[in-house]
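S.K.: fold the following, please.
(2 chains)
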There are 2 protein chains.
Amino acid sequence: MTTRVDTQRPSRRGLLRVAAGAGAAAGLAGGVAEAQGNAENLPPNLPEWSRALGPGVIEEPYGTRSRHETAVRRYVPWLTPDRISSVSFTPLAEMQGIITPSGLHFERHHGGVPDVDPADYRLMIHGMVERPLVFTLEDLKRLPTVSRIHFVECPANGGMEWRGAQMSGVQFTHGMLSCSEWTGVPLKVLLAQAGLRSGASWLLAEASDAAHLARSIPLAKALDDAIVAFGQNGEAVRPQQGYPVRLVLPGYEGNMWIKWLRRIEVGDRPWFTRWETRTYTDLMPDGLSRQFTFVNEVNSVITYPCPEKPLRGRPGFVEISGLAWSGAGRVMRVDVSADGGDTWRSATLQDPVLPKALTRFRIPWEWREGQTAYLQSRAMDETGRVQPTIAELRNVRGSESIYHKNSIQTWLVDREGTVVNVQIDA
Amino acid sequence: MTTRVDTQRPSRRGLLRVAAGAGAAAGLAGGVAEAQGNAENLPPNLPEWSRALGPGVIEEPYGTRSRHETAVRRYVPWLTPDRISSVSFTPLAEMQGIITPSGLHFERHHGGVPDVDPADYRLMIHGMVERPLVFTLEDLKRLPTVSRIHFVECPANGGMEWRGAQMSGVQFTHGMLSCSEWTGVPLKVLLAQAGLRSGASWLLAEASDAAHLARSIPLAKALDDAIVAFGQNGEAVRPQQGYPVRLVLPGYEGNMWIKWLRRIEVGDRPWFTRWETRTYTDLMPDGLSRQFTFVNEVNSVITYPCPEKPLRGRPGFVEISGLAWSGAGRVMRVDVSADGGDTWRSATLQDPVLPKALTRFRIPWEWREGQTAYLQSRAMDETGRVQPTIAELRNVRGSESIYHKNSIQTWLVDREGTVVNVQIDA
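M.R.: Numbering: from 1, shown residues only, chains lettered A, B, ... in the order given. I've put the predicted structure just below:
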């Protein structure tokens, strides 16, 4: 045993690549392709970054990610060739745990991202209240606050898939989904200050962007768990997520989480804005639309393996990993199938399992080269709701809608380990 | 009731500023100073950002915060005038909830931040093992993983305060403290692959930076909850936190969470590296050093109000808010005093309260202009340990150490609402 650890260099002899050695011995790894690398940096050599001082704390008030990670992106070049669009997607295949880094949060907007000056920001509460009120941002920050970890999902997530598998990866089938720790004032605190008038039963929440997106919200939801949020993952809400203030409606579809929140009007019936009539309604097979589908129901997707993260050259042990969520409460169970739904095994859920939050699930599996598999996950929430198959969902809902598709996703792992988006029971 | 919500403009008459109106009525707000603002943007006017399209999704693979938030910074100009240093601090006064945004995570390094090429990254496990192993980053990512929310704290947090109150704000008294969701392989999985030899009882973990920081770790900790982490808050570990791989030792002092982790050697006794002899030892009054102080014991601090967030011009309702943590497990209770410890009230702890994670506490209070207050928080963890006063701590530990100061912090709120760092029982 030496104490001169700084120069400790095990000999190359005696070191095993995990792939060829103990990994196989432990039944965990198989024929891993020899990793690329600059031999100068590999053991027993000290890598070049060990041999010279790195930069110190440079004049960088806010840290950035490694330059080697810039391929992980929400912006999608082929989707937005003219560099302007109204949607970006969270790269779920690259995500770990349940927190979405704010820089990779999906975004969806209808009038671009407004540049709101926090000094000029105001929130109005008016309508059927005793005392119409205007709050500054500082007013809001002085009030009682809560912090909650919740997912937000656009109801159009998976919208291209109603008529068959179309998107090439999980970033596009499910990537309008993110999860953050939100901090703000419970909406019920603000409503108590304003004083609800008798008969009040609905709210209108309106954005201050150019689109003035506005949605009707049942008063019961506002008095339950709605938050007027100024914090996201420990800091100010990001501009694309509604800086400085967005409405958080846990479990409700994302467009109702009004961003750049300008006003809340109290009334006694829904407003039927263009955002809940012309759009964001579920078109049924009979040509009628469902009137208000607020909750994103129980859903899940496997994020490893997936089309962006295939198994090619990686036979042997696989930890299947994915995300489950429900707008109705906690995820209770996630079952995983490798044979297209004939047989199922229950996955492990990562603690803490929080209501209306992403839940990470994991389950060990083994893939042999030449083996075809149809991977599926099926989540159940605490209300007992279970994800339907696409056939079951289409049987009830038809294929005219682009919203609220929560059916079981199938990834085909082919003989070479390529992973493809398919629908096996369409 | 109108459905033309886009042009809805309540008249100026009928709107109340919360400060002068219902806030006071509800007992929540007092004489709030009239907020600044550009009248053109204030209700009933539509603000300028409501009247034109904002930018769409620009060619930005990774989102950034609002340009109005750049004053919130970890880099501290007065501390690092030459633009290079080895420490930065999390601005705790600006933090919300429990997650620290990775861009504001504190940093401490002794040889600068190495630029590790992930393709050349290797982790060696050797020493008293059956099978010495080398893992690539891809090898690690294929193994069973866990995600856990844990704080990390430099033991020198508060180090300037042993001999009296010296630092001007909570960013400096407590800002070497952050909390993230970490994802990676349990260290026990790697050790099982390598196979521990009989008699193994300690590990050495060594960094691949130029400083080669290395620490001895009891095997029992490695087999308990240690994680070889490649994920931080949902994405790759940041360079300043050890990209691509850092050791996570929940509850243990931050310098043991070896960054840019290069190797783990298994042995049967501690190594007594320079990092656990010359430095990171607690010097006692008798001139001897404590041999290994691994755990950051129970601690807490009020982050609102604090020197950076005074009460000037904001009398009335105050939600006192702060952070509590313990390296020994869950925080069980946080008591708050406004009179320097004569009387205490228990604060509300924000769910979920997780072991070895930051816990947000909140408690309502009222401050009257002209009132002097000595604000303190005192946390107790699930082992029954309670934060000591600075006098109690100094009585046992003296004032020669710069490490592991977990005593009760006092903020003096003076008659004008300025908040000052003081020690009332020194």
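
S.K.: hang on, residue A:251 packs against residue A:299?
M.R.: No. Assessed by Cβ atoms under 8 Å, residue A:251 is found out of contact with residue A:299, at 11.5 Å. The way it works is simple: take the backbone N, C-alpha and C, and place the C-beta from them, glycine included.

S.K.: what is the neighbour count of the residue in the stretch 201-350 of chain A that chain B sits nearest to?
M.R.: Proximity of the stretch 201-350 of chain A to chain B (Cβ to the nearest Cβ) peaks at residue A:231, 3.5 Å away. When counting by other Cβ atoms under 10 Å in any protein chain shown, one arrives at 24 neighbours for residue A:231.

S.K.: which residues do residue A:251 and residue A:299 both contact?
M.R.: The contact sets of residue A:251 and residue A:299 overlap at residue A:326 (Cβ atoms under 8 Å, 6 or more residues apart in numbering or on different chains).

S.K.: of these two, which one has the most company?
M.R.: residue A:299 (28 against 23).

S.K.: okay, strands next: where are they in the stretch 201-350 of chain A?
M.R.: A:202-207, A:214-218, A:227-232, A:235-236, A:246-248, A:261-267, A:282-283, A:289-290, A:299-304, A:316-325, A:331-337, A:345-346, A:348-349 (DSSP state E, counting those that start in this stretch).

S.K.: looking at the ones you listed, which is nearest to residue B:180?
M.R.: Each of the strands of the stretch 201-350 of chain A has some distance to residue B:180 by Cβ to Cβ; the shortest is strand A:235-236, at 13.2 Å.

S.K.: any idea how far residue A:205 lies from residue A:181?
M.R.: Using Cβ to Cβ, to the nearest Å, residue A:205 is found at 21 Å from residue A:181.

S.K.: residue A:149 should be in a strand, yeah?
M.R.: Yes. Under DSSP: H, G, I helix; E, B strand; the rest coil, residue A:149 falls within a strand.

S.K.: kindly state the beta-bridge partners for it.
M.R.: residue A:181 (DSSP bridges).

S.K.: and for it, the neighbour number?
M.R.: For residue A:149, using other Cβ under 10 Å, the count is 25.

S.K.: so who does it touch?
M.R.: Residues in contact with residue A:149 (Cβ under 8 Å, 6+ apart) are A:98-99, A:179-182, A:354, A:357.

S.K.: so it versus residue A:273, what's the distance?
M.R.: Counting by Cβ to Cβ, the gap from residue A:149 to residue A:273 is 29 Å.

S.K.: quick check: phi and psi on residue A:67?
M.R.: phi -70, psi -10 (degrees, to the nearest 10).

S.K.: kindly apply the preceding question to residue A:124 instead.
M.R.: phi -100, psi 140.

S.K.: just the pLDDT at the closest residue to it other than its chain neighbours, thanks.
M.R.: Distances taken as Cβ to Cβ, 6 or more residues apart in numbering or on different chains put residue A:263 closest to residue A:124, at 4.0 Å, once the chain neighbours are dropped. On pLDDT, residue A:263 comes in at 97.

S.K.: likewise residue A:23?
M.R.: Looking at residue A:23, the pLDDT reads 38.

S.K.: residue A:275 now?
M.R.: 95.

S.K.: ok, now which ones touch it?
M.R.: Per Cβ under 8 Å, 6+ apart, neighbours of residue A:275: A:213-215, A:255.

S.K.: quick one: these as a markdown table, columns for pLDDT too.
M.R.: Below are the contacts of residue A:275 laid out as a markdown table (pLDDT from 0 to 100):
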| residue | pLDDT |
| --- | --- |
| A:213 | 96 |
| A:214 | 98 |
| A:215 | 98 |
| A:255 | 98 |
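
S.K.: show me which of these is closest to residue B:403.
M.R.: The nearest one, if we look at these relative to residue B:403 and count by Cβ to Cβ, is residue A:255, at 50.6 Å.

S.K.: how far away is residue A:228 from residue A:118?
M.R.: Residue A:228 is 14 Å from residue A:118, by Cβ to Cβ.

S.K.: between those two, tell me which one has more neighbours.
M.R.: Using other Cβ under 10 Å, the more surrounded residue of residue A:228 and residue A:118 is residue A:228, with 26 against 17.

S.K.: which non-adjacent residue is nearest residue A:107?
M.R.: Nearest to residue A:107 is residue A:240, by Cβ to Cβ, 6+ apart, at 4.0 Å.

S.K.: the one you found reaches residue B:63, doesn't it?
M.R.: Yes. Between residue A:240 and residue B:63 there is a contact under Cβ under 8 Å: 5.8 Å.

S.K.: of those two, who's got more company?
M.R.: In this view residue A:240 and residue B:63 are compared by other Cβ under 10 Å, and residue A:240 has more residues nearby, 23 against 20.

S.K.: next up, the contacts around that one.
M.R.: A:88, A:105, A:107, A:109, A:113, B:63 are the contacts of residue A:240 under Cβ under 8 Å, 6+ apart.

S.K.: would you list these in TSV and tack on distance to residue A:164?
M.R.: Output for those, formatted as TSV (distance: Cβ to Cβ, whole Å):
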residue	distance to residue A:164
A:88	24
A:105	29
A:107	27
A:109	28
A:113	33
B:63	32
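
S.K.: I'd like to know which of the residues you listed is nearest to residue B:156.
M.R.: residue B:63 (32.9 Å).

S.K.: what's the helix or strand for the closest one?
M.R.: Residue B:63 is part of no helix or strand, with elements assigned from DSSP states H and E.

S.K.: how about the contacts made by the closest residue to it other than its chain neighbours?
M.R.: Excluding the flanking residues, the one nearest residue B:63 by Cβ to Cβ, 6+ apart is residue A:103, at 4.4 Å. Going by Cβ under 8 Å, 6+ apart, residue A:103 touches A:65, A:74, B:62-64.

S.K.: assign residue A:103 to helix, strand or coil.
M.R.: Once three-state DSSP is applied, residue A:103 turns out helix.

S.K.: distance of it from residue A:371?
M.R.: 37 Å.

S.K.: which residue would you name as the spatial centre of chain A?
M.R.: residue A:178 (2.3 Å; Cα atoms, centre = their mean).

S.K.: please look at it and residue A:105 and confirm they touch.
M.R.: Yes. Residue A:178 is within contact range of residue A:105, at 4.4 Å (criterion: Cβ under 8 Å).

S.K.: what do these two both touch?
M.R.: residue A:90.

S.K.: can you list the weak-confidence ranges in chain A?
M.R.: A:1-36, A:80-84, A:425-426 (pLDDT under 70).

S.K.: make it 80
M.R.: A:1-37, A:57-60, A:75-85, A:425-426 (pLDDT under 80).

S.K.: show me where it has its helices.
M.R.: With DSSP state H, the ranges of helices along chain A come out as A:22-25, A:137-142, A:170-173, A:187-194, A:219-224, A:390-397.

S.K.: what's in contact with the fifth one?
M.R.: Same thing as helix A:219-224. Counting by Cβ under 8 Å, 6+ apart, A:187-188, A:191, A:196, A:200-203, A:249, A:252, A:266, A:294 sit against helix A:219-224.

S.K.: out of these, which are buried?
M.R.: For the contacts of helix A:219-224, a burial check counting by 16 or more other Cβ atoms under 10 Å in any protein chain shown picks out A:187-188, A:191, A:196, A:200, A:202-203, A:249, A:252, A:266, A:294.

S.K.: I'd say residue A:296 and residue A:249 touch.
M.R.: No. Counting by Cβ under 8 Å, residue A:296 stays clear of residue A:249, with 10.5 Å between them.

S.K.: hey, what's residue A:207 bridged with?
M.R.: residue A:261.

S.K.: err, residue A:349, not the other one
M.R.: Beta-bridge partners, per DSSP bridges, of residue A:349: residue A:361.

S.K.: thought residue A:360 was touching it, still the case?
M.R.: Yes. Counting by Cβ under 8 Å, residue A:360 is a contact partner of residue A:349 at 7.5 Å.

S.K.: hmm, back to that, which two among the contacts of residue A:103 are spaced furthest apart?
M.R.: Farthest pair in the contacts of residue A:103, by Cβ to Cβ: A:65 and A:74, 12.7 Å.
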